[in-house]
Structures are given as structure tokens and as C-alpha cells.
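here's a sequence, model it:
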Amino acid sequence: MANLRIPGPTPLPPQVLSSLSQQVISHRGKSYEKIHKEIVTNLQYFFQTKNPIYLLTASGTAGLETAVVNFFSPGDSVIFFTCGEFGNRWAEIGKRYGLNINQVKFPEGTAVKKEIVQQILQKTKKLSGVFITHNETGTGVLNDLFAIAPIVKNHPDKPLLLVDSVSALGGVNLPMDDLKIDVLITASQKAWMSSPGISMVAVSEKAKERQKNSKIPRYYFDLALYEKFNQKNQTPTTPAVSVLFSLKTALEIMRQQGREKIFKKHFELRDYFRGQIKKIGLKLVVTDKEASPTVTSIWPPEGVDEASWRKLLREKYNLVIAGGMGELKGKIVRVAHMGYVSKSDLDQVVSVFKKSLKEIA
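From the prediction side, this is the model:
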């Protein structure tokens, strides 16, 4: 079996794999409603929120689109603070739906700076929303929402704060209610140790009020429909029942471990892996202060083609890692350490790196 170290989908624990073999059930029956309620309750524990959480059978990107189409109207002024490919994609979604966008880009491999956020917000009027990526998967950067969120919430226009935590939530502390985040998005195939196919979207009461005035057409992603069915512990259309089996089981495992222990584990694995990478002479893309706890980006040695290196790792050593994206495509490699992962898994990565670089150099 391959050592799968891409930032989603991520490996599944044995109990989660077993759960996928269950026979499917009716999504309009009591058995499903019990599962749905349990999943949402456990997600609220990790989101650290009392807000409703909607389960969309869709990718994480669909969750990002849902956040755009439900709370704004064409022409609304919004800001996207971005530092990589996934932030860029979210901004592109907003642009295609006719929002008046100010995209504030930070160099890829660096985090969004709170001082710049403060400066931009101070001179922005009639602001409807602020969008930010918590964990930029494309570069392995963690943005400091504890520093940035209060700045956004102090803006006189009371803009909505929308956060993409697709590749961090579940593995990284992000208390939705304490930070007054209005819309928070994640997806099942990342730190949640589950199969791909479910996007989870939590929505504050303030955002639900804004939703009533949104003029962007929508149907499948209309959260008013999801709210109606959520009251019955159901979804508007047929959900990916088997994926929800896996998510239910993964959440049970995670609840037993406790969120603080899980958060601590991800930071410890980040620091351990980064230390090991430095020891073998490889250079890291992101500084220690801004580094993601779920994915690490690495510069290949000078003269080593990253695509050829990844091919060798995959075909000879059964190690699957990711390449760069956006402006860093073809320039870096990325190694994930989220969800079902141990030091032993990362030791295998380091060992294989050392062997393979002797061959390809």
C-alpha cells in the first residue's frame, strides 16, 4: 500500500474503511436522521460553535461557492486576502458571480499580514464581506485568524467574515463562535480522516439574516433549503450516504481522542517533520512562524526536477506526495501530515527522500 502523503484525500483508519462497507440506507428514514444529527453534533464540537452546520454532497470548492452565492448580491464590495492558489480560486468564484472584488495578494509562501489587513480595512467603505483562507494548502501557510478576525469584526460596516478552513479544521484550533466567524467551510477528505465528497458549512445568525437579501441565483447550493431540511436532520437531496458513514466513524474516533490532543498532535508532527527535513539538507518554503500544521512545502535540491523526483518516489518507493500549484507549480513539493498520520509515516518519507535524492541528483 502506498504511503499517501498528499493534502487530500488522506488515508483512512481501519474502522473508517470498515464503515464504508455497510449497506446504504434510506436518506429519509430514522436511521439516517440519527446519523445526520450525530455528525452535526460532533462537528459543532470541533468547529466550537452553536451555529447550524450544513452537509453538502460536494467538494470543498463547492462549499466556497456556497459561501459566495448565499450571502451577497452582484456589485457588493468584498475583500479577499489571499496568499496562494486556493485563495485565488475563491476570489475567482466571487468575480464570476459579479461581486465587486478587492483581492489583496500576499507573496506565495508567506502569510496574510495583520498590519496590511488593518490598513486596507481602514480605507475601505461600504464593505459587505471579508474572505480569507485559514490554511493555504497550495503553499503550506497557516494564517493567524486569532489576530486577523478581531480586526475584521471591528470594521464599522460590520462585514461578514468568511473563512476557508478546508485543509485545517479538525486538526487545527479555530473556535468559530469565539472569533465571531460568520461562515466557516471545511471538507471531509482532509483532517477529518474521511472519504472525499462532503463539504461542511457552518453559518452564523448574522449571516443567515444577510442571506435573506442575497440576489445571486442558486438552487443546489441554496442554504435556505438546507436549513429547512436540517431541522429534520436531513438534506434537501440525496446525500453521499456511504461517505457520511465514514465521517460518522471518524468523528467518533476523534471525539474519543479530544480536540486539544488532536490539535497538539498536528503541531508536534509539523515541528518534528520540519526538523527532520532540515537535518537532511532540504530547504523549507515557509518560515517556522507561518508554517501549516497539516501540510509542509519543500524546495527540491538545485538541479532536481520536482516532477521527475515525485515520479521516482511514486513508482519505485510507493510514496505519493504533491507538487506545487499556481505560481509555485513545478517549483516545490508538498507533504501532508493531517488526520490519520504518525511519526512513523513521516520517518518513512524522510528515509525515502534521502535514498531517492542520491539516485536523482
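
how about the residue lying closest to Gly326 once chain neighbours are set aside, what does it touch?
Using CB to CB, 6 or more residues apart in numbering and skipping residues adjacent in sequence, the residue nearest Gly326 is Glu85, 3.5 Å away. In this view, the C-beta of every residue, glycine as well, is placed from N, C-alpha and C. The neighbours of Glu85, taking CB atoms under 8 Å, 6 or more residues apart in numbering as the test, are 108, 136-139, 325-327.

how does it look with 6 Å?
138, 325-326 (CB atoms under 6 Å, 6 or more residues apart in numbering).

for stretch 3-19, which outside residues touch it?
137, 167, 189-190, 193, 196, 245-246, 249-250, 295, 319-322, 335-336, 338-340, 348-349.

middle-most residue in this protein, spatially?
Val166 (1.4 Å; CA atoms, centre = their mean).

distance check, the nearest residue to it once chain neighbours are set aside against Glu252.
Once flanking residues are discounted, Val166 sits nearest to Gly60: 3.9 Å by CB to CB, 6+ apart. Computed as CB to CB, to the nearest Å, the Gly60 to Glu252 distance reads 22 Å.

buried ones among the contacts of Glu85?
138, 325 (16 or more other CB atoms under 10 Å).

got a markdown table for the contacts of Glu85, with secondary structure too?
Shown next, in a markdown table, are those (DSSP: H, G, I helix; E, B strand; the rest coil):
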| residue | secondary structure |
| --- | --- |
| Gly138 | coil |
| Met325 | coil |
| Gly326 | helix |
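
which of the contacts of Glu85 lies closest to Tyr226?
Nearest to Tyr226 among the contacts of Glu85, counting by CB to CB, is Gly138 at 28.4 Å.

mind listing the helices for this protein?
14-19, 30-47, 60-71, 85-96, 114-122, 145-153, 176-179, 205-211, 223-230, 241-257, 259-279, 306-317, 343-360 (DSSP state H).

of these, which stretch is the most buried?
helix 60-71 (a mean of 24; mean count of other CB atoms under 10 Å).

what residues does that one touch?
Taking CB under 6 Å, 6+ apart as the rule, helix 60-71 contacts 90, 93-94, 97, 160, 162, 164, 166, 183, 185, 187, 199, 201, 207, 210-211, 214, 216, 218, 221, 223.

rerun at 7 Å
56, 89-90, 93-94, 97, 129, 160, 162, 164, 166, 183, 185, 187, 199, 201, 207, 210-211, 214, 216, 218, 221, 223 (CB atoms under 7 Å, 6 or more residues apart in numbering).

for the closest residue to Lys113 other than its chain neighbours, grab the count of nearby residues.
In space, and not counting its chain neighbours, Lys113 is closest to Phe106: 6.8 Å by CB to CB, 6+ apart. By the measure other CB atoms under 10 Å, the count of residues near Phe106 is 19.

could you measure from Phe106 over to Gly326?
In terms of CB to CB, Phe106 sits 13 Å off from Gly326.

likewise for Lys261?
34 Å.

got the end-to-end distance for stretch 173-187?
16 Å (CA to CA, to the nearest Å).

and for stretch 37-55?
Note: stretch 37-55 ends 11 Å apart using CA to CA.

what does stretch 271-289 give?
Stretch 271-289: ends 11 Å apart by CA to CA.

can you check stretch 11-21 too?
16 Å.

can you tell me the closest non-neighbouring residue to Gly303?
Gly303 sits nearest to Ala361 (CB to CB, 6+ apart), 7.3 Å away.

same thing with Asp347?
Gln276 is the one closest to Asp347 (CB to CB, 6+ apart), at 7.5 Å.

cool, Tyr220 as well?
Per CB to CB, 6+ apart, closest to Tyr220 is Thr237, 7.3 Å.

with Val341 instead?
Leu269 (6.6 Å).

got a list of what the one you found touches?
Counting by CB under 7 Å, 6+ apart, Leu269 has contacts 337, 341, 343, 346.

if we go to 8 Å?
293, 337, 341, 343, 346.

the last one is in contact with Met338, isn't it?
Translated: Leu346. No: applying CB atoms under 8 Å as the test, Leu346 and Met338 come out as separate, 11.6 Å apart.

which residue ranges make up each domain of the protein?
3-8+258-360, 14-255 (automatic domain parsing).

can I get the ones you listed in CSV with mean pLDDT?
Formatted as CSV, the domains of the chain follow (pLDDT from 0 to 100):
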stretch, mean pLDDT
domain 3-8+258-360, 97
domain 14-255, 98
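
just flag the most distant two among the contacts of Leu269.
Pro293 and Lys343 (14.3 Å).

can you report how many residues lie near the closest residue to Gly87 other than its chain neighbours?
Spatial nearest neighbour of Gly87, excluding adjacent residues (CB to CB, 6+ apart): Thr133 at 4.4 Å. Thr133 is flanked by 33 other residues according to other CB under 10 Å.
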